[in-house]
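# here's my sequence, what's the structure:
(chains A, B, C and D)
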Protein chains: 2
Amino acid sequence: MLTDRQLLILQVIIDDFIRYGQPVGSRTLSKKEKITFSSATIRNEMADLEELGYIEKTHISSGRVPSEKGYRYYVDHLLSPQRLTQEDMRKIKSIFAERIYELEKLVQKSAQILSDLTSYTSIVLGPAVKDNKMKRIQIIPLNKETAVAIIVTDTGHVENRVITIPASVNASDLEKMVNILNERLIGVPLIELKDKIYKEVADVLRTHIYNYDSMLKTISETLDVPQEEKMFFAGKTNMLSQPEFSDIQKVRSLMTIIEQEKDFYRLLRKNSKKGIQVTIGRENQLSGMENCSLITATYSVGEEQLGTIAILGPTRMEYSRVITILNRVASDLSTALTDWYQNS
Amino acid sequence: MLTDRQLLILQVIIDDFIRYGQPVGSRTLSKKEKITFSSATIRNEMADLEELGYIEKTHISSGRVPSEKGYRYYVDHLLSPQRLTQEDMRKIKSIFAERIYELEKLVQKSAQILSDLTSYTSIVLGPAVKDNKMKRIQIIPLNKETAVAIIVTDTGHVENRVITIPASVNASDLEKMVNILNERLIGVPLIELKDKIYKEVADVLRTHIYNYDSMLKTISETLDVPQEEKMFFAGKTNMLSQPEFSDIQKVRSLMTIIEQEKDFYRLLRKNSKKGIQVTIGRENQLSGMENCSLITATYSVGEEQLGTIAILGPTRMEYSRVITILNRVASDLSTALTDWYQNS
DNA sequence: TGTTAGCACTCAGGTTGTTCGAGTGCTAAA
DNA sequence: TTTAGCACTCGAACAACCTGAGTGCTAACA
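Numbers count the residues shown, from 1 in each chain, chains lettered A, B, ... in the order given. Sure, this is the predicted structure:
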């Protein structure tokens, strides 16, 4: 186990490194207020800390730099709690300044403000459409072959897609079907729609509609709702200002990951456990993210978890500040949404 | 005026520089097949070309590099026409491989393929929603205060927004109004909707609907259609692979512009004259784009111009190839869309 | 008169050597 | 156990030097 003094030194090293981005030497440390012993003592302790894997040297006679293990320990045990400034609070409140009517807009704005506050990149995983409840289905013919299918949910979200209509289906049948669907399916979560149709509505349809079979295809096309939550980015270019990304190679590999979205989405889903999650450097298991840390928090309505907000920054990230901010935004977001859902 | 020999030299210099990205010296030039005279002669000619402002030196004893004026002349007079390879043609055709049902998807795919083909960044300005014609309006109440307003256009595009409903408006009035709007406004371009309402539909509404005045707000909220075309990017990170962007500063300022979208949109609109438009370096009048050129082409249905496709690359760009590709894609896109509009 | 060979000159970029400062580890004394 | 002192290491910054690619100019040539 680490001694108290070692912990102190580890903490001060990481704090300093996060602040200035330069390897920290024993002399610098000895000048810190909290540190009452000499640089030689510090050197001895640092040698031990290095042997244990918490800090590293960039070259043989350099100051020390936190290792991933060091950051991990720091995040788990050494974080000094932060208070938000007035200014920070003001910005966070500004997310909710206007009355919200659309979830997506709110979520997008949150991402924007988060990246503003932190100067890192922020990512928000939006509420999953698949959990919204059906409010209304509408099919509007465009011409002989095609129509627009529209599904409105209880949250005001609108899903729409262009579908093909089999030649054998006529307009009145279509209308009848839409009516039946609207009668039977209100309040059903979108993800369950397809299931429900086959189990409960099929019989009714068969008796009322002549062309039931050829209509099946149309129905299932219509109800093909995207499974995945939308991902909103803000401040993608913020990372370019971080000194660790002065190397164009690193920038490229990171940007490629962000641009691809798919792998990144999966990574975010993995982290979507409740509360604050921190993954550091290679813990992310995505090449190109070796120098990055990801901090995620979840927001919810009542007990139901709705989505994830996250900050992507360099491993040398202001963990404490970011965690405080994320916590705050996530909880404010949850409160606002719970309110909103109750009133609608 | 430039002599034929000077033109030849200018052309070969630019061709070579575009290919290899290195300043071109007289010795290198003298070895080219097309060039039959000695390096000393070339040096004399280059001195003249430099004096006239077509080429520049990077330092006192370096080879020559095209100036913006040089590129401008090259693009206007010296482009050697290119033929597309089989592979290029195949990729372009793949845009139209699947039957298209939604304009936006097609346009997005075009952007993707364009950036693939060129390794530059591509931007597509989508068809303006405001020119689409009204097919159906729908207002679906969510709760006492709010409703979703949906406008479907003849192209299958769906616009939707959440609106507030004044307490004084009741459901049946709302329904009545929607019916009247649907009767009177089918086929009207979205941009004209608001106008039309006040001029032609207002009277009908006033006589049929009790709560006309308080409903005005609802109507105008509903019909507030975005004026601007959507902008689709593809290959944003491609620029990172260009050697001229090995400097992180340049990358940052360029990315910031791309990220902002607003200025960029305006720039693209300025270039939306018919045919191929090339703006080189500072001609773009956007700081951060000094090292970039923008090539745009427009696509249309029949005579009506619908949107713009563009390639953003370094000034040292393969103008000839890009122009050929853009021309091709724009014309194929126009043909496909004209077809599509006729059949619907 | 236009073209070319030759030559002196310039400069970027790579290599090498040097110095400086920040840092280390080790040892011996407190 | 802590600390002062010292020898040592290394990176970064800098100057000196060399090389190669390139230029401009001049004088001779066709």
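
# can you read off the pLDDT for residue A:282?
For residue A:282, the pLDDT comes out at 95.

# what's the answer for the one 4 residues further on, then?
Confidence per residue is given as pLDDT, and for residue A:286 that number is 92.

# tell me, how many residues neighbour it?
19 (other CB atoms under 10 Å in any protein chain shown). Bear in mind the C-beta positions are built from the backbone N, C-alpha and C, glycine included.

# before we move on, what about the one 3 residues further on?
Around residue A:289 sit 24 other residues, with neighbours defined as other CB under 10 Å.

# stretch A:294-310 near chain B anywhere?
No: contact of stretch A:294-310 with chain B is not found when judged by CB under 8 Å from any CB of the partner chain; the minimum separation is 15.7 Å.

# what about that stretch, distance to the chain center?
8 Å (CA atoms, centre = their mean, to the nearest Å).

# for whatever residue of chain A ends up closest to DNA strand C, list the residues it contacts.
When scored by CB to the nearest atom of the strand, chain A has residue A:25 as its residue closest to DNA strand C, at 2.3 Å. Contact analysis of residue A:25 by CB atoms under 8 Å, 6 or more residues apart in numbering or on different chains lists A:62-64.

# among these, who's most crowded?
Ranking the contacts of residue A:25 using other CB under 10 Å puts residue A:64 first, with 28 neighbours.

# tell me how far the closest residue to residue A:52 other than its chain neighbours lies from chain B.
The shortest distance from residue A:52 to any non-neighbouring residue, by CB to CB, 6 or more residues apart in numbering or on different chains, is to residue A:2 (7.5 Å). With the distance defined as CB to the nearest CB, to the nearest Å, residue A:2 ends up 38 Å from chain B.

# for the residue nearest to residue A:272 when sequence neighbours are not counted, give me the pLDDT.
Once flanking residues are discounted, residue A:272 sits nearest to residue A:308: 4.9 Å by CB to CB, 6+ apart. Per-residue confidence (pLDDT) for residue A:308: 96.

# how deep is residue A:308 tucked in, by neighbour count?
For residue A:308, using other CB under 10 Å, the count is 22.

# tell me how far residue A:291 lies from chain B.
Separation of residue A:291 from chain B (CB to the nearest CB): 15 Å.

# check the gap between residue A:111 and residue B:187 for me.
39 Å (CB to CB, to the nearest Å).

# tell me which of those two has more neighbours.
Neighbours around residue A:111 and residue B:187, counted as other CB under 10 Å, are more numerous at residue A:111. The numbers are 26 against 8.

# the more buried one against residue A:121, yeah?
No: judged on CB atoms under 8 Å, residue A:111 makes no contact with residue A:121 at a distance of 9.4 Å.

# stretch A:29-42: how far from the chain's middle?
Chain-centre distance of stretch A:29-42: 40 Å, with CA atoms, centre = their mean.

# which of the residues in it are buried?
For stretch A:29-42, a neighbour-count test (16 or more other CB atoms under 10 Å in any protein chain shown) marks A:29-30, A:32, A:35, A:39, A:41-42 as buried.

# ok, it near DNA strand C or not?
Yes: applying CB under 7 Å from any atom of the strand, one finds stretch A:29-42 touching DNA strand C at A:39-40.

# what distance separates the start and the end of that stretch?
For stretch A:29-42, the first-to-last residue distance is 8 Å (CA to CA, to the nearest Å).

# quick check: residue A:143 vs chain B, distance?
5 Å.

# how many neighbours does that residue have?
Around residue A:143 there are 11 residues (other CB under 10 Å).

# let me see the backbone angles for residue A:165.
phi -110, psi 120 (degrees, to the nearest 10).

# who touches both of residue A:111 and residue A:121?
In contact with both residue A:111 and residue A:121: A:233-234, using CB under 8 Å, 6+ apart.

# in the strand or helix carrying residue A:340, what counts as buried?
Per DSSP states H and E: residue A:340 is located in helix A:319-342. Neighbour counts over helix A:319-342 (16+ other CB under 10 Å) mark A:319-326, A:328-330, A:332-334, A:336-338, A:340 as buried.

# does it reach chain B?
No: with CB under 8 Å from any CB as the measure, helix A:319-342 is seen stopping short of chain B, the closest distance being 10.4 Å.

# so what's residue A:231 up against?
A:123-126, A:261, A:264-265, A:268.

# is residue A:280 bridged to anything, and to what?
Residue A:280 has the following beta-bridge partners by DSSP bridges: residue A:293.

# output the contacts of residue A:25 as TSV; include the columns pLDDT.
Putting those into TSV (pLDDT from 0 to 100) gives the following:
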residue	pLDDT
A:62	89
A:63	89
A:64	94
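
# return only those of the residues you listed found close to DNA strand C.
Near DNA strand C, by the rule CB under 7 Å from any atom of the strand, you find A:62-64 out of these.

# taking the contacts of residue A:25 one by one, which sit in strands?
residue A:64 (DSSP state E).

# which residues of chain A lie near DNA strand C?
Going by CB under 7 Å from any atom of the strand, the residues of chain A near DNA strand C are A:22-28, A:39-40, A:43, A:46-47, A:50, A:57, A:61-64.

# which of those residues fall in strands?
Per DSSP E, the residues of chain A next to DNA strand C map to strands at A:57, A:64.

# out of the residues of chain A next to DNA strand C, which sit inside helices?
A:26-28, A:39-40, A:43, A:46-47, A:50 (DSSP state H).

# buried subset of those as a PyMOL selection?
The PyMOL selection below is limited to those of those classed as buried (16+ other CB under 10 Å):
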select buried, chain A and resi 26+28+39+46
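
# and the helices in the stretch 1-150 of chain A, which stretches?
Using DSSP state H, counting those that start in this stretch, the helices of the stretch 1-150 of chain A run over A:4-20, A:26-30, A:39-51, A:68-73, A:86-95, A:103-118.

# for chain B, which of the ones you listed is the nearest?
helix A:103-118 (9.0 Å; CB to the nearest CB).

# show me what the closest one is packed up against.
helix A:86-95, strand A:121-125, strand A:231-234, strand A:304-314, helix A:319-342 (3 or more CB pairs under 8 Å, 6 or more residues apart in numbering or on different chains; DSSP states H and E).

# 10 Å - rerun?
The elements that helix A:103-118 packs onto, with contact taken as 3 or more CB pairs under 10 Å, 6 or more residues apart in numbering or on different chains; DSSP states H and E, are helix A:86-95, strand A:121-125, strand A:231-234, strand A:292-301, strand A:304-314, helix A:319-342, strand B:158-164.

# any residues touching whichever helix or strand comes after the last one, and which ones?
Remark: after strand B:158-164, the chain's next helix or strand is helix B:171-185, criterion DSSP H and E. The list of residues contacting helix B:171-185 from outside it, by CB atoms under 10 Å, 6 or more residues apart in numbering or on different chains, reads B:133-141, B:147, B:149, B:151, B:165, B:169-170, B:188, B:192-193, B:196-197, B:200-201, B:204-205, B:208-212, B:214-215, B:218-219, B:222-223.

# one more time with 6 Å, if that's ok
B:134, B:137, B:139, B:201, B:204, B:209, B:211 (CB atoms under 6 Å, 6 or more residues apart in numbering or on different chains).

# now that helix: mean pLDDT?
Average pLDDT, helix B:171-185: 88.

# what's the first helix or strand after that helix?
helix B:190-196.

# can you give the distance of that following helix from its chain's centre?
The mean C-alpha position of helix B:190-196 is separated from the chain mean by 26 Å, CA atoms, centre = their mean.

# now do stretch A:67-82
With CA atoms, centre = their mean, you get 22 Å for stretch A:67-82.

# residues in contact with the nearest residue to residue A:135 once chain neighbours are set aside?
Closest residue in space to residue A:135, ignoring its immediate chain neighbours: residue A:152 at 4.7 Å, by CB to CB, 6+ apart. Contacts for residue A:152 were tallied using CB under 6 Å, 6+ apart; they are A:135-136, A:158, B:140, B:148.
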